[in-house]
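S.K.: Pasting the sequence and the predicted coordinates here, then a few questions.
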Amino acid sequence: MPVVVVSGTGTEIGKTVVTAAVAAVACARGRSVAVLKPAQTGVGPGEPGDADEVVRLAGPGATGRELARFPEPLAPATAARRARMAPVRPDAVAEAAEKLAAEHDLVLVEGAGGLLVRYDEDGGTLADVARLLGAPVLVVAPAGLGTLNLAALTGEALRARGLAQLGVVVGSWPEAPGLAERCNLVDLPDAAGAPLLGAVPRGAGALPPASFRAAAGSWLAPELGGTWSATAFATAAGA
């Protein structure tokens, strides 16, 4: 998989940290990794964006690239329109990803929010990027109530477009999970129509980079280069 598209079921659910964990595991195995952020919103000039955060956590072997940055924390198409700036179109994202794939072992394309968030006035989405690239989509989901519906809708949207879903990773697993979180470990694969491939602990992004890299493999399943087991994790959580 030279290119993997990373999408969320929503925003602020740990997508950047999951992307960093995947990058860290790949880098630890000697692979060169590029992280492509098509549109960074809500971040000012000179401030670190999501791609910068991934590179900081993943360490040597990872590089980051943004295609556009818009100041307001809105959907990319809306943020571009309000800033009177040119939007980022799916074909431009796919072209940039292909160029990076020619120079790196793995390219991670991190979207903004959910799969069908609009990037331009024509309704271009991250799903269109995945279609143009023929790339699988890794979905990041929250742990608690509501996640089954969101995962089901995202999985349905992917299948309707003929796109492959690599799996689902829980982006922020709480230290003291409640009943809903524990049950979701069992129910998420059925709802999403794809395997559960990891659970990143809440607050992982605040770890020192060296500690983050050392632990990243224990949060991700073998399909993503790690050692995490969905069955063992669910059993330990009391699911």
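M.R.: Received it, and whenever you're ready, just let me know what you need. Numbers count the residues shown, from 1 in each chain.

S.K.: Please make it C-alpha for all contacts and neighbour counts, starting now.
M.R.: Noted.

S.K.: quick one, helices of this structure?
M.R.: Under the criterion DSSP state H, the chain carries helices at the ranges 15-28, 50-58, 76-82, 90-101, 126-133, 147-160, 179-192, 209-216, 230-237.

S.K.: what's the closest of those helices to residue 3?
M.R.: Smallest distance to residue 3 across those (C-alpha to C-alpha): 6.8 Å, for helix 90-101.

S.K.: what's the distance between the closest one and the middle of its chain?
M.R.: From the chain centre to the centre of helix 90-101 is a distance of 17 Å (C-alpha atoms, centre = their mean, to the nearest Å).

S.K.: Next, the angle helix 126-133 makes with it.
M.R.: Counting by axes from the mean of the first three to the mean of the last three C-alpha atoms, to 10 degrees, helix 90-101 points 50 degrees away from the direction of helix 126-133.

S.K.: So which bits of helix 90-101 are buried?
M.R.: Within helix 90-101, the residues that count as buried by 16 or more other C-alpha atoms under 10 Å are 90, 93-94, 96-98, 100-101.

S.K.: Could you export that helix as CSV, CA atoms only?
M.R.: Output of helix 90-101 as CSV, limited to C-alpha atoms (Å, rounded to 0.1, in the frame of the first residue of the first chain):
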residue,chain,number,x,y,z
PRO,A,90,-9.2,16.3,-5.4
ASP,A,91,-7.2,15.9,-8.6
ALA,A,92,-4.5,18.2,-7.2
VAL,A,93,-4.4,16.2,-4.0
ALA,A,94,-4.1,12.9,-6.0
GLU,A,95,-1.3,14.4,-8.1
ALA,A,96,0.7,15.5,-5.1
ALA,A,97,0.2,12.1,-3.4
GLU,A,98,1.4,10.2,-6.5
LYS,A,99,4.5,12.4,-6.7
LEU,A,100,5.3,11.7,-3.0
ALA,A,101,4.7,8.0,-3.5
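
S.K.: Which strands and helices lie in contact with it?
M.R.: strand 33-37, strand 106-114, helix 126-133 (3 or more C-alpha pairs under 8 Å, 6 or more residues apart in numbering; DSSP states H and E).

S.K.: Quick one: these as CSV, columns for distance to residue 84, mean pLDDT and mean neighbour count too.
M.R.: Formatted as CSV, the helices and strands packed on helix 90-101 follow (distance: least, C-alpha to C-alpha, whole Å; pLDDT from 0 to 100; neighbours: other C-alpha atoms under 10 Å):
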stretch, distance to residue 84, mean pLDDT, mean neighbour count
strand 33-37, 20, 98, 25
strand 106-114, 19, 96, 26
helix 126-133, 21, 98, 22
